[in-house]
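Participant: attaching a predicted model along with its sequence, questions to come.
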Amino acid sequence: MNAKALLVILVLALITILALVCILLARKEEFAPCGADSEVSLKRQHNDQSLVFADLSAEEMVLVRKYLQSHLKVPLVDAYHADPSHNSIYYLDVEIPPKEEVLKFLDHNGPCPHRQALAVVYFGNQTVPNVTEYVVGPLPRPTYHRDVTMQKYGQVLFYHKRPVIGNEYEQIHDVVLEKFLEAPTFLKQVFGHNGSNFGGLTSAPRGFQSGDRVTWIALFQNVKGYFLHPVGMEVLLNHSSLNVSHWSVTKVFYNGQYYNSLAELERKFKEKHVLVTNVKAVTPDGAFSSMYPRVAPLGTGPLHYEPCGKRYSVKNNQVVSLLWSFAYRMDVNRGPQIYDIRFRKQRIAYELSVQDAMSVYGSNSPGGMLTRYMDGSFGIGRYTYSLVQGVDCPYSATYLDTVYFFENWEPEVQKNSICVFEQNVDVPFRRHFSNLQSLYYGGLPATALVLRSVATMGNYDYVWDFVFHPNGAIESKVRATGYITSAFLYGDGLEYGNRVADHTLGTIHTHFINYKVDLDVGGVENSLIANDMTFETIKAPWSPENEIHRMKMVKKVLDTEDKAAFRLHDKMPRYIYFAAKDANKWGHKRGYRIQLISFAGDHLPETDAMERSISWGR
């Protein structure tokens, strides 16, 4: 080959390479695995309007506390150290403005509502002790406080209605420990009591009628996972007096028998009239209740991977994704709440929030048979703790802090207590493999945006998820993990649960979760529609001698609250949805279906004295 021909070939090769490069560059966008909407571009979609729902900052909390100190004209004690006879701030939280004001601000360029705080104050050092709620504002520099107690509740909140705070729990512990001196022989010989080897779990409610403040304290071995190691003894403490020295143990339960005092139990034990069941002491790690793995680690499992980076953005208290936007906050009592939920920039819900979590227990021991826990009264939000990367949420999730002012004198920051992430749902969003007429496949992968927090309510850990799907659906999910509550197994205990250890009864109980869902589908004027089905009997049009049971739709507008309220376990329409005022081009109203995918046990009988407090469960 001569030099001229070689040169021509080289030039042609170079031209071919340049042409291919140009083609590839020109088609880069077509083959790019990531779209143009990155986290950086999503950040430009944020706005500060979401701050109308924002939790109080630590600085705002301090300013409100200082304002109350100087304007309530009574001495205030740090609630962490407060006695029942002291005045103290129970908690501070943001006061969300009325919806009408917020919508004028969000949608009609109205004025931003005044930012205010809600302050709940225990007045134990008063002629008539009470609990008072104040709205304090405007923030950040308060100039007023309004008593809203009567407006909200229609009555004075008597002091005996107050939830038990941390210092009162410590005083309960100390008083019971002191009362144990009345039964030294029994406690030493039966339990090897040394002053520190008991853990306790209190019952609720604290009595049978308004005004009672008596609590059953069930005793457990003081080890890790002590909830599974009951010892068979419970004491009933009357702590209604504001003077701790007047508190008394009024009943004692041990191994199926009741005694009027610890002194009586001691005396009958010495007289050998007490049936004793020996319970083997457990090592401090809790043995079977330990959280240590029982098998060797299997190595690292599949990991979350985001090839295009985060396809959502978080700023202040607002989350924005390719399809969704919403504001979030953490109510100290009720837990996680989200507001102004928009799909493709259109609001579909004003609020979606946890309201309460309730458990009703059954047992043949006193604490278990009495217990009806209302977790909102303990504070679902304030018990939301830090999340662990790679366990509670993916490593790549966005982790957010929460701030609380609850039974304290200074704000408390819980680092990384909320996480936001996008996940693969693991099933196709839609797919079809055509094997009729023609051969083809079409499918879309399914992903979802998730906001998660975990509240530890004593023995239970509630994993709260709000899940946002690409078709506009929203899931509210809760999973319970942690430990069960147990009782000492004796007598007919197996009628109230299952045996889970030598002397441990896993007690029967129910869980009810209360959500608030304020849907605004296409505006605030929605109607509630029930869709169902029925069969009608007709003559076959082409063969009148034969009958057909033809299925047809039944549609009904539930236009009053009574029609829209369904009691637990009642037969409900198969489909219930909130419909917009306007219809689409085919005459169908846009709507959102309410779909319940859980089940519930029976509700507390309405004849029970406490039922009215938890009537939402029915």
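Facilitator: Done, it's in.
Participant: hmm, who's touching stretch 190-200?
Facilitator: Applying C-beta atoms under 8 Å, 6 or more residues apart in numbering, the external contacts of stretch 190-200 come out as 173, 176-177, 180, 187, 217-223, 226, 231, 233, 269, 276, 278-279, 281. The C-beta positions use only the backbone N, C-alpha and C, and glycine is treated the same way.
Participant: the same query, at a cut-off of 7 Å, please.
Facilitator: With contacts defined as C-beta atoms under 7 Å, 6 or more residues apart in numbering, stretch 190-200 is touched by 173, 177, 180, 187, 217-222, 226, 231, 276, 281.
Participant: any chance of JSON lines for these, columns secondary structure, pLDDT and distance to V148?
Facilitator: Shown next, in JSON lines, are the contacts of stretch 190-200 (DSSP: H, G, I helix; E, B strand; the rest coil; pLDDT from 0 to 100; distance: C-beta to C-beta, whole Å):
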{"residue": "H173", "secondary structure": "helix", "pLDDT": "95", "distance to V148": "34"}
{"residue": "L177", "secondary structure": "helix", "pLDDT": "95", "distance to V148": "40"}
{"residue": "F180", "secondary structure": "helix", "pLDDT": "96", "distance to V148": "44"}
{"residue": "L187", "secondary structure": "helix", "pLDDT": "95", "distance to V148": "48"}
{"residue": "I217", "secondary structure": "strand", "pLDDT": "97", "distance to V148": "35"}
{"residue": "A218", "secondary structure": "strand", "pLDDT": "96", "distance to V148": "38"}
{"residue": "L219", "secondary structure": "strand", "pLDDT": "97", "distance to V148": "41"}
{"residue": "F220", "secondary structure": "strand", "pLDDT": "96", "distance to V148": "41"}
{"residue": "Q221", "secondary structure": "strand", "pLDDT": "95", "distance to V148": "46"}
{"residue": "N222", "secondary structure": "coil", "pLDDT": "94", "distance to V148": "43"}
{"residue": "Y226", "secondary structure": "helix", "pLDDT": "94", "distance to V148": "41"}
{"residue": "V231", "secondary structure": "strand", "pLDDT": "96", "distance to V148": "46"}
{"residue": "V276", "secondary structure": "coil", "pLDDT": "94", "distance to V148": "55"}
{"residue": "A281", "secondary structure": "coil", "pLDDT": "90", "distance to V148": "52"}
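Participant: drop anything exposed from those residues.
Facilitator: For those, a neighbour count by 16 or more other C-beta atoms under 10 Å gives the buried set as 180, 187, 217-222, 226, 231.
Participant: and the gap between P75 and D147?
Facilitator: Separation of P75 from D147 (C-beta to C-beta, to the nearest Å): 19 Å.
Participant: which single one of the buried ones among the contacts of stretch 190-200 is nearest to I576?
Facilitator: I576 has its nearest neighbour among the buried ones among the contacts of stretch 190-200 in A218, at 41.5 Å by C-beta to C-beta.
Participant: surely the closest one is in contact with P230?
Facilitator: Yes - between A218 and P230 a contact is recorded at 6.3 Å, counting by C-beta atoms under 7 Å.
Participant: give me the next element, helix or strand, following the lowest-mean-pLDDT helix or strand in the chain.
Facilitator: In the chain, the helix or strand scored least confidently by mean pLDDT, DSSP states H and E is helix 28-31, which has a mean of 43. Downstream of helix 28-31, the next assigned helix or strand under DSSP states H and E is helix 39-43.
Participant: please point out which parts of the helix or strand that that next one is followed by sit buried.
Facilitator: Counting by DSSP H and E, the next helix or strand C-terminal to helix 39-43 is helix 58-71. Across helix 58-71, burial judged by 16+ other C-beta under 10 Å covers 60-65, 67-68.
Participant: and what of stretch 445-463?
Facilitator: Neighbour-count burial for stretch 445-463 flags 446-455, 457, 459-463 (criterion: 16+ other C-beta under 10 Å).
Participant: all helices of the protein, in order?
Facilitator: Assignment of helices within the chain using DSSP state H yields the ranges 3-26, 28-31, 39-43, 58-71, 99-107, 149-153, 166-179, 184-191, 262-270, 366-370, 561-564.
Participant: other SSEs contacting the third one?
Facilitator: For helix 39-43, the packing partners by 3 or more C-beta pairs under 7 Å, 6 or more residues apart in numbering; DSSP states H and E come out as strand 312-315.
Participant: contacts for the strand it packs on?
Facilitator: Here strand 312-315 makes contact (C-beta under 7 Å, 6+ apart) with 39, 42-43, 46, 319-321, 398, 400, 420, 422, 449.
Participant: just stretch 96-106 next, same as before
Facilitator: Applying C-beta under 7 Å, 6+ apart, the contact partners of stretch 96-106 are 49, 52-53, 110-113, 340, 350.
Participant: let's see that with 8 Å instead.
Facilitator: 49, 52-53, 110-114, 116, 340, 350-351, 518, 524.
Participant: rounded mean pLDDT for that stretch, please.
Facilitator: For stretch 96-106, the mean per-residue pLDDT is 97.
Participant: then stretch 144-155?
Facilitator: Stretch 144-155 comes out at a mean pLDDT of 96.
Participant: going by neighbour count, list what's buried in that stretch.
Facilitator: Within stretch 144-155, the residues that qualify as buried are 145, 149, counting by 16+ other C-beta under 10 Å.
Participant: now do that stretch: distance from first to last residue.
Facilitator: 22 Å (C-alpha to C-alpha, to the nearest Å).
Participant: whichever of the contacts of strand 312-315 end up buried, select them in ChimeraX.
Facilitator: Entered in ChimeraX, the line below selects the buried ones among the contacts of strand 312-315, by 16+ other C-beta under 10 Å:
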select :39,42,46,319,320,321,398,400,420,422,449
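Participant: now the contacts of strand 312-315 in CSV, with pLDDT and distance to P428?
Facilitator: Listed next are the contacts of strand 312-315 as CSV, based on pLDDT from 0 to 100; distance: C-beta to C-beta, whole Å:
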residue, pLDDT, distance to P428
E39, 72, 26
L42, 85, 25
K43, 84, 30
H46, 91, 32
V319, 97, 25
V320, 97, 26
S321, 95, 20
T398, 97, 26
L400, 98, 31
V420, 98, 24
E422, 95, 17
L449, 97, 18
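Participant: how about the nearest residue to N222, chain neighbours excluded?
Facilitator: Nearest non-adjacent residue to N222, counting by C-beta to C-beta, 6 or more residues apart in numbering: G199, 4.3 Å away.
Participant: correction: the previous question concerned D465.
Facilitator: Leaving aside its chain neighbours, D465 sits nearest to K477 (4.3 Å; criterion: C-beta to C-beta, 6+ apart).
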